[in-house]
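*Asks:* sequence plus the predicted model coming up.
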Amino acid sequence: MVSYSLRVQTLEGKVHSIAVDAASEGEAVRKAAALGVTVVGFDRPSAARIPATGRRFSLPLFSQELLALLEAGLVLTEALATLLRKERSPVARTLLEAIVRGLQQGSNFSDVLARYPEHFPELYVATVRAAERTGNLQEVLARYIGYQLQFDAIRKKLIAASIYPVMLMLVGGFIALFLLGYVVPRFSAVYDATGRDVSVLSMALLGFGRLLNQYWWQAALATVASCSLLAYIVVHPVWRQRLLERLLALPWLARKSDEFRMARFYRACGLLLQAGIPLPRALSMLSGLLSQQQQTRLSRARRELESGKSFSDVLQFHQLAGPIDESLIKVGEQTGRLADMLERVARFYDDDFSRWLDWISRLLEPVLMALIGLVIGTVVILLYVPILDLAGNLK
């Protein structure tokens, strides 16, 4: 038995909600009618409260495990119940319990997933909803897993390429602060004792070192606050998105970021087409993967596509596709394999982005090392120039 929440109207015309235990929605309606009320509708089941603590729900892992159980011969409800029994994370357990409960109440799998957009994106829900109509849920899950794994591979490669430069900048910054705040003031005391004049640059360096040493706790507090602010920006989704938008708007990054977005767009579009979703609807669902400028051009392209123009022509006209993209998409339109051609275009962009990322990482590391060496070397030279002048005068 399942508890259904129904909106009913009494003989006096008042509308309120009641709870009825029944095996199905039809039986719940009959039981409510036996009470002398008219059923107006069903209340939408409220989304389960997901705990704020614990390991986050992993959609790729969930999809892989669900696919493995479905391929083993289990039906959907049995597979989800199996995943629920083995789950230890409070977040995942609460979410899976809500999904199983929704299926037991007679809702579609896609409708239940749509109640939790923070865990199941619109692309995932749309592919599952299309699979429910065609009965190929296993194939759709396999395609989505491939889509997500490809994107995760690029993202992990990008993160791995940025770790060494970030660590290099942190270590170099701390070394420079140590020299300026500890070593430079000691040399300053020696030069003051000799009473000799030093160069303007050395005097400026010594003055900055004395100032840093005198107000060391304020400097330490400012450094900690700056690092904390940077960490907050990186962790907070909204501020991280704003920071990424500013960085990706730089002239030498804008073109590559647009190509990376287009690769995701092509791959997701191919996934939706393979699931049986019409092209205009797929385009409207995927506009969020593009930049604001690209979204404007895509909206115009979608309107022209609905008027009867070909997909390749509208993409080329609105500068959303290059010559290679247009050629492959045109071949896909002529042969009826548009989804496969979109996947090929996405792979072409991914390969090009991987080569560019390797080149940037190889170039950035020696450049950063040279800059850090230049800063530290300048400090050391300005410190030792007066000593060398003094030694020359002694001779």
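*Replies:* Sure thing, it's come through. Residues are numbered from 1 along each chain as shown.
*Asks:* and the closest residue to Glu78 other than its chain neighbours, what does it touch?
*Replies:* The shortest distance from Glu78 to any non-neighbouring residue, by C-beta to C-beta, 6 or more residues apart in numbering, is to Leu69 (7.6 Å). Placement of C-beta: from N, CA and C, glycine included. Contacts of Leu69 were listed using C-beta atoms under 8 Å, 6 or more residues apart in numbering, and they are Glu78, Ala79, Thr82, Leu83.
*Asks:* work out for me the element Leu69 sits within.
*Replies:* Under the criterion of DSSP states H and E, Leu69 resides in helix 59-71.
*Asks:* so which bits of that helix are buried?
*Replies:* For helix 59-71, the buried set under the neighbour-count rule, 16 or more other C-beta atoms under 10 Å, comprises Phe62, Ser63, Gln64, Glu65, Leu66, Leu67, Leu69, Leu70.
*Asks:* closest one to Leu168 out of those residues, please.
*Replies:* Gln64 (35.9 Å; C-beta to C-beta).
*Asks:* in this structure the closest one contacts Ile145, no?
*Replies:* Yes: judged on C-beta atoms under 8 Å, Gln64 makes contact with Ile145 at a distance of 5.8 Å.
*Asks:* just give me the longest helix of this protein.
*Replies:* Longest helix in the chain by number of residues (criterion: DSSP state H): helix 338-394.
*Asks:* off-centre distance for that one?
*Replies:* Using C-alpha atoms, centre = their mean, to the nearest Å, the mean C-alpha position of helix 338-394 is found 26 Å from that of the whole chain.
*Asks:* try stretch 158-170
*Replies:* Shown here is stretch 158-170, whose average C-alpha point lies 19 Å from the average C-alpha point of the whole chain (C-alpha atoms, centre = their mean).
*Asks:* name the residues of it that are buried.
*Replies:* Within stretch 158-170, the residues scored as buried using 16+ other C-beta under 10 Å are Ala161, Pro165, Leu168.
*Asks:* kindly report the same for stretch 292-305.
*Replies:* Of the residues in stretch 292-305, those with enough neighbours to count as buried (16+ other C-beta under 10 Å) are Gln294, Arg297, Leu298, Ala301, Arg302, Glu304, Leu305.
*Asks:* return the distance of that stretch from the chain's centre.
*Replies:* Using C-alpha atoms, centre = their mean, the offset of stretch 292-305 from its chain centre is 23 Å.
*Asks:* with stretch 74-88 instead?
*Replies:* Offset of stretch 74-88 from its chain centre (C-alpha atoms, centre = their mean): 27 Å.
*Asks:* would you say His16 is within a strand?
*Replies:* Yes: membership of His16 in a strand is supported by DSSP: H, G, I helix; E, B strand; the rest coil.
*Asks:* hang on, it packs against Ala32?
*Replies:* No: counting by C-beta under 8 Å, His16 does not reach Ala32; the two are 11.7 Å apart.
*Asks:* joint contacts of these two?
*Replies:* Overlap between the contact sets of His16 and Ala32, as judged by C-beta under 8 Å, 6+ apart, is given by Val8.
*Asks:* so which of the two has more stuff around it?
*Replies:* Ala32 (20 against 11; other C-beta atoms under 10 Å).
*Asks:* and that one, how close does it get to Asn213?
*Replies:* Distance from Ala32 to Asn213, counting by C-beta to C-beta, to the nearest Å: 80 Å.
*Asks:* what helix or strand is Leu247 on?
*Replies:* Counting by DSSP H and E, the element that carries Leu247 is helix 237-248.
*Asks:* please enumerate residues in contact with that helix?
*Replies:* Outside helix 237-248, the residues that touch it by C-beta under 8 Å, 6+ apart are Tyr232, Ile233, Val234, Leu253, Ala254, Ser257.
*Asks:* 6 Å instead?
*Replies:* The set of residues external to helix 237-248 that reach it, using C-beta atoms under 6 Å, 6 or more residues apart in numbering, is Ile233, Val234, Ser257.
*Asks:* next, give phi and psi for the last one.
*Replies:* Dihedral angles phi and psi of Ser257 (degrees, to the nearest 10) take the values phi -70, psi -40.
*Asks:* same deal with the second one?
*Replies:* In this entry, Val234 is assigned phi and psi values of phi -70, psi -40 (degrees, to the nearest 10).
*Asks:* from Gly332, how far out is it?
*Replies:* In this structure, Val234 lies at 39 Å from Gly332, with C-beta to C-beta as the measure.
*Asks:* again with Phe265
*Replies:* With C-beta to C-beta as the criterion, Phe265 and Gly332 are 15 Å apart.
*Asks:* got it, and Ala222?
*Replies:* Looking at Ala222 against Gly332, where the rule is C-beta to C-beta, the gap reads 57 Å.
*Asks:* follow-up on the earlier one: and which of the buried residues of helix 59-71 is nearest Ser226?
*Replies:* Phe62 (38.5 Å).
*Asks:* pLDDT value on the closest one, please?
*Replies:* Here the pLDDT value assigned to Phe62 is 88.
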